[in-house]
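Trainee: sharing a model prediction with you, sequence too.
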Amino acid sequence: DQQVKQNSPSLSVQEGRISILNCDYTNSMFDYFLWYKKYPAEGPTFLISISSIKDKNEDGRFTVFLNKSAKHLSLHIVPSQPGDSAVYFCAASANFGNEKLTFGTGTRLTIIP
Amino acid sequence: NAGVMQNPRHLVRRRGQEARLRCSPMKGHSHVYWYRQLPEEGLKFMVYLQKENIIDESGMPKERFSAEFPKEGPSILRIQQVVRGDSAAYFCASSPLRTSGPSSYEQYFGPGTRLTVT
């Protein structure tokens, strides 16, 4: 039972444009959501998070939007840069991060110069 | 401020041998999580530990796998009698000590140990 879904395995975006990565979840107990970026042969790097009491969180070029009624979140990267090419994982937790993370299967983002 | 450290980075074991993976959390962090990533899949939770306590082991296979986080020293994930299906990347993450009042806690990951069973 895949509780966190990233339905796009891959995405290609022109450098300088906006990258939008999507994530859906099914478990109503999730109240904390995180995005991680991963390069091959490295561990995931934390990017940005959002709790269910908010619908938007912004950090530099990265913005995460949460739509609780649709059980959907998205990560916007603008402007996209070549160094953003990586696999992006969406993760969710209950109890505001006091519990295990449930990960999606990832989206491979490629930024085209 | 060093990040999460894992060793070894690569481990090769023959079927039937034991594998020991070590994780040192970030300074000031008292919560450790272990995750496994099989090829072409996302990360799957295995176990959540605090010092000398297993909090949640719901993702841990019932046999051959064990984990500990002693009062002194790193957290250890131990796999006995390894099989080819155990070949994967094993990641450790840590998060800070919980404080009173509402807050949320990110997990920070180490570089992983890539286990290959031949």
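Mentor: Done, it's in.
Trainee: which stretches of chain A have low pLDDT?
Mentor: Along chain A, no part satisfies pLDDT under 70.
Trainee: what parts of it come near chain B?
Mentor: Residues of chain A lying near chain B by CB under 8 Å from any CB of the partner chain: A:32, A:34, A:36, A:41-46, A:49, A:51, A:89, A:91, A:96-106. Bear in mind the C-beta positions are built from the backbone N, C-alpha and C, glycine included.
Trainee: buried subset of the residues you listed?
Mentor: Using 16 or more other CB atoms under 10 Å in any protein chain shown as the burial test, the residues of chain A next to chain B include A:32, A:34, A:36, A:43-44, A:46, A:49, A:51, A:89, A:91, A:96-106 as buried.
Trainee: for chain A, see how far away residue B:59 is.
Mentor: Distance, residue B:59 to chain A, by CB to the nearest CB, to the nearest Å: 7 Å.
Trainee: phi, psi for that residue please.
Mentor: Backbone dihedrals for residue B:59, given as degrees, to the nearest 10, come out at phi -100, psi 0.
Trainee: in contact with it, which residues?
Mentor: By CB atoms under 8 Å, 6 or more residues apart in numbering or on different chains, residue B:59 lies in contact with A:100, B:44-47.
Trainee: repeat the analysis, applying 7 Å as the threshold.
Mentor: Applying CB atoms under 7 Å, 6 or more residues apart in numbering or on different chains to residue B:59 gives the contacts B:44-47.
Trainee: residue B:18 now?
Mentor: Per CB under 7 Å, 6+ apart, neighbours of residue B:18: B:78-80.
Trainee: now, those that are in strands?
Mentor: Filtering those for membership in strands, criterion DSSP state E, returns B:78-79.
Trainee: which among the contacts of residue B:18 end up buried?
Mentor: By neighbour count, with 16+ other CB under 10 Å, these hold residue B:79 as buried.
Trainee: isn't residue A:111 up against residue A:79?
Mentor: No: in this structure residue A:111 lies outside contact range of residue A:79 using CB atoms under 7 Å: 9.7 Å.
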